[in-house]
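Enquirer: output the structure for:
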Amino acid sequence: MKAILISKHGGPEVLEWRDHEVGHPGPGEVRVRQEAVGLNFLDVYFRTGLYAAPNGLPLVPGNEAAGVVTEVGEGVTLFKQGDRVAYAGPIGAYAQERLIEAQKIVKVPDGIELDVAASMMLKGMTAEYLLCRTYAVQPGDTILFHAAAGGVGLIVGQWAKALGATVIGTVGSDEKAELASANGYDHVINYRTEDFVGRVKEITGGKGCEVVYDAVGKDTFPGSLDCLRPRGLWASFGQSSGPIEPFNMGILSQKGSLFATRPTLFTYIASREDLEASANALFDVVSRGVVKIDINQRYPLSDAAQAHTDLEGRKTTGTTVLLP
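Expert: Numbering: from 1, shown residues only. This next block holds a predicted model:
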């Protein structure tokens, strides 16, 4: 089989398309033939070494994919050969086939195509935990989401609107603003031409938002805090523009007794119960048409380096899949 391997940290050029031995599943494992692999900024963090590889190098990156079970190991009762499955979490997705713990995958409903499932598991379950558990969005809430035209952002816009929220998003271009507006956002701010803090205060009549969801990091801090109402919540769940420098926690009291959290999906789906609940909530809103998933870019898995280049260059929108 073939896979993308990383032997050293660096730029997209370290992603190598190489032969890769898979083997047979051990106890509690299944072997999956992967039909599509999701592309995420998380993959960049592992490639550059910002996030440490769990078992060191060489590393097969990728945390999201969908495919078909081809073999099951001893003790596996949840799945059988031929089941359509998807996952977000266990690293090693950039491969034609792989072994994976059965407890970490879920069955894909018949009405959802595997490439769509591959493109939405990590982003969609991220949207679920942010909107339903990190801060449970209620009708009448006003929320701010940075990078509204990204993969998570387009899902959040649709889902939050369905929850009854007023949804504000930031983007980096007029084209991305149009895309966000078509996916649930009531107000879209181009941060390259507008002061997003000033615009949020204008939109909210000076009250601020109940919650700010921020995966951008360095470029949106501390502005994100100035967009919150007193006792509002800042959820920093990524750092696409770079990590936030250490800061004095006293700033949270100065700006209105604010709450701050740094959540990650993998904590929210650590148990089998939470994984199934999150996946089922996502499958439900997609199956009912509440959230529409558009795959805006497709690359051969062997061209993962180009996909990473485009992702980091902010040339992609929505979801992207790599095809083995």
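Enquirer: so what's the residue count around Ala147?
Expert: Close neighbours of Ala147, defined as other C-beta atoms under 10 Å, add up to 27. Just so you know, the C-beta spots here come from the backbone N, C-alpha and C atoms, and that holds for glycine as well.
Enquirer: so what's it closest to, chain neighbours aside?
Expert: If you skip the residues right next to it in sequence, Ala147 has Gly153 as its closest partner in space, 5.1 Å away by C-beta to C-beta, 6 or more residues apart in numbering.
Enquirer: from Gly140, how far off is that neighbour?
Expert: If you measure Gly153 against Gly140 using C-beta to C-beta, to the nearest Å, the figure is 21 Å.
Enquirer: for these two, indicate the residue with more neighbours.
Expert: Regarding Gly153 and Gly140, a neighbour count based on other C-beta under 10 Å identifies Gly153 as having more, with 29 against 9.
Enquirer: distance of that one from Ala127?
Expert: Gly153 sits 9 Å away from Ala127, taking C-beta to C-beta as the criterion.
Enquirer: with Ile143 instead?
Expert: Here Ile143 is placed at a distance of 12 Å from Ala127 (C-beta to C-beta).
Enquirer: which of the two has more residues huddled nearby?
Expert: Comparing Ile143 with Ala127 by neighbour count (other C-beta under 10 Å), the higher total belongs to Ala127, at 29 against 26.
Enquirer: partner residues bridging the nearest residue to Gly23 once chain neighbours are set aside?
Expert: With sequence-adjacent residues excluded and distances taken as C-beta to C-beta, 6+ apart, Gly23 is closest to Leu99, at 6.6 Å. Beta-bridge pairing of Leu99 under DSSP bridges involves Arg31.
Enquirer: I'd like to know how many residues surround Leu99.
Expert: With neighbours defined by other C-beta under 10 Å, the count for Leu99 comes to 18.
Enquirer: doesn't Arg31 make contact with it?
Expert: Yes - Leu99 lies in contact with Arg31 (C-beta atoms under 8 Å); the separation is 5.5 Å.
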